[in-house]
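1. Task: produce atomic coordinates for the following.
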Amino acid sequence: MTDDNSGEPGFVIVTGMSGAGRSTAAKALEDLGWFVIDNLPPGLLFSLAEEAGRVKLAADHVAAVVDVRSLAFTTDLNAAIEELDGRGVEVRVVFLEASDDELVRRFENVRRPHPLQGENRLVDGIDRERGILREVRANADLVIDTSKLNVHELRKKIVSFFGGEDRPGLKVNVVSFGYKYGLPVDADLVVDCRFLPNPHWVPELRPMNGLDVPVREYVLSQPGAKEFLDGYEEVFGVVAAGYTREGKGYATLAVGCTGGKHRSVAMAEQLGARLRERGMDVQVSHRDVGRE
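-> Presented below is the predicted three-dimensional model:
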């Protein structure tokens, strides 16, 4: 069902937490020309894939948005994915999530109950859904944390992953972050740059960030910086090859320092550039720049 000349998945399942942006992701895919079905029961996934191929839709650009409808959701979804795999359909699962506080805020803003809260509190519904989806999240090919994303930023991220040139191989998201704001929940690998001297303590560098030339030059000139980049480039090359062999289409590499402003930003940019030189499809983002 896949086109051998395309790097895009044969079939994408969009799922995740209620309120985390599934509808926005679906709309972004539709605008890219994908054939998207929303609120599809897991048991009908294979029928959709079969029909897409029968009527000659753009079968390598088909997506289904599925959500929790019953306690059997995980079993039904896993069975559907196994059936698709068994019939030779390439499947990728995109999981959208957000923090409990952000989900509460979003539901309160639209004044709607959570679909699983019943007669209980909103937080109870969120907790119940998170438990049901735990296995699905763990096995997802791509996890996107939308806690700090508005609809435009989420759309941009979806377009970045699915709307570019058709290129085979692993798609890599390198994101800088500050440890004091917490680890990115969608990170596959975490790199710690706090072993390098902090430009925060250099008065003329403090107002700048790692995108500024003086900060970049300061960070990269420190003992161990080049060796670290050389070593991690090689390590990630091995990891990326393994991910590709295992059929993983996406990887998020999180690069952290204390505040996510100086060291992690400069190093993330360097790692991203090096991985691109290796032929990888890389996007670089900076989660916490401007947050201080």
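2. Please make it C-alpha for all contacts and neighbour counts, starting now.
-> Noted.
3. helices or strands next to the helix or strand containing V93 in the packing?
-> Using DSSP states H and E, V93 sits in strand 91-97. For strand 91-97, the elements it packs on are strand 11-16, helix 73-86, strand 142-145, judged by 3 or more CA pairs under 8 Å, 6 or more residues apart in numbering; DSSP states H and E.
4. Could you spell out the sheet neighbours of it, each with its direction?
-> With DSSP bridges as the test, strand 91-97 is paired with strand 11-16 (parallel), strand 142-145 (parallel).
5. Just the C-alphas of stretch 20-32, formatted as CSV.
-> Taking C-alpha atoms only, stretch 20-32 is exported to CSV below (Å, rounded to 0.1, in the frame of the first residue of the first chain):
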residue,chain,number,x,y,z
ALA,A,20,-4.4,17.7,23.2
GLY,A,21,-5.0,18.9,19.7
ARG,A,22,-6.1,15.9,17.6
SER,A,23,-8.6,18.0,15.6
THR,A,24,-5.9,20.5,14.8
ALA,A,25,-3.5,17.8,13.7
ALA,A,26,-6.3,16.3,11.5
LYS,A,27,-7.0,19.7,9.9
ALA,A,28,-3.3,20.3,9.2
LEU,A,29,-3.1,16.9,7.4
GLU,A,30,-6.2,17.7,5.4
ASP,A,31,-4.7,21.0,4.3
LEU,A,32,-1.7,19.1,3.1
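6. In space, what's closest to L77 - neighbours in sequence excluded?
-> P42 (5.0 Å; CA to CA, 6 or more residues apart in numbering).
7. ok, now which ones touch L154?
-> By CA atoms under 8 Å, 6 or more residues apart in numbering, the contact list for L154 reads G21, T24, A25, T146.
8. Does L116 fall in a helix, a strand, or a coil region?
-> At L116 the chain is in coil, as set by DSSP: H, G, I helix; E, B strand; the rest coil.
9. Now do the helices in the stretch 151-292 of the chain.
-> 151-162, 213-220, 225-245, 263-277 (DSSP state H, counting those that start in this stretch).
10. Run a quick neighbour tally on E277.
-> E277 has 11 neighbouring residues, counting by other CA atoms under 10 Å.
11. Repeat that for the one 5 residues further on.
-> When neighbours are defined as other CA under 10 Å, V282 has 22 of them.
12. is it true that it touches G272?
-> Yes: taking contacts as CA atoms under 8 Å, V282 lies within contact range of G272: 6.3 Å.
13. any idea of the pLDDT on the nearest residue to F11 once chain neighbours are set aside?
-> Excluding the flanking residues, the one nearest F11 by CA to CA, 6+ apart is V91, at 4.8 Å. pLDDT, V91: 84.
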